[in-house]
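> Sequence and computational prediction follow.
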Amino acid sequence: MAEILRRKVLHQFKKLHRTRLNTFKGDEYALKVVRAKINEEYRKNKDIMNYADIEKLNKIAQEVEQEIRKTVIQAVEKKPGIFALRITPEMLEDNATCGNSLSSDNNQSNLANKKPVCGENIKKL
């Protein structure tokens, strides 16, 4: 039982570091800071022996990894005031306002009066 839990924790530790490498690719300062924080948190909790507490901490690590993977966007300033964003596929989610998700009987009339919100009118560069 302890070996299975140890494997889960080690797997999550490695997954956090892989996510860190992917999310902060090319930003040496951020890579170093996030690496230190991950290692610090795992070292701080290495002496915990209670199975439930370890499971809880591992769940938190999973949530943190998912949060970093899905919400952190890397921006690089190309020119003063102009930034290039690196958005990964995991960050793209369905936008509820783009679909026919309105619950009223007048779906079509509501959609006809609605302004575009999903970039339909954005010019491609």
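Noted; the coordinates are in hand.
> mind exporting whichever strand or helix holds residue 42 as PDB, just the C-alpha atoms?
Element membership for residue 42 (DSSP states H and E) is helix 28-44. The C-alpha coordinates for helix 28-44 follow below in PDB (Å, rounded to 0.1, in the frame of the first residue of the first chain):
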ATOM      1  CA  GLU A  28      15.000  30.600 -17.300                       C
ATOM      2  CA  TYR A  29      14.100  32.800 -14.300                       C
ATOM      3  CA  ALA A  30      10.500  31.500 -14.100                       C
ATOM      4  CA  LEU A  31      11.800  27.900 -14.600                       C
ATOM      5  CA  LYS A  32      14.200  28.300 -11.700                       C
ATOM      6  CA  VAL A  33      11.700  30.000  -9.400                       C
ATOM      7  CA  VAL A  34       8.900  27.400 -10.000                       C
ATOM      8  CA  ARG A  35      11.400  24.500  -9.700                       C
ATOM      9  CA  ALA A  36      12.500  25.800  -6.300                       C
ATOM     10  CA  LYS A  37       8.900  26.300  -5.100                       C
ATOM     11  CA  ILE A  38       7.900  22.700  -6.200                       C
ATOM     12  CA  ASN A  39      10.900  21.200  -4.500                       C
ATOM     13  CA  GLU A  40      10.500  23.300  -1.400                       C
ATOM     14  CA  GLU A  41       6.800  22.200  -1.000                       C
ATOM     15  CA  TYR A  42       7.700  18.600  -1.400                       C
ATOM     16  CA  ARG A  43      10.600  18.800   1.000                       C
ATOM     17  CA  LYS A  44       8.400  20.600   3.600                       C
END
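> Averaged pLDDT, that helix. What do you get?
In this model, helix 28-44 has a mean pLDDT of 96.
> which of the residues in that helix are buried?
31, 34, 38, 41-42 (16 or more other C-beta atoms under 10 Å). For glycine as for every other residue, the C-beta is placed from the backbone atoms N, C-alpha and C.
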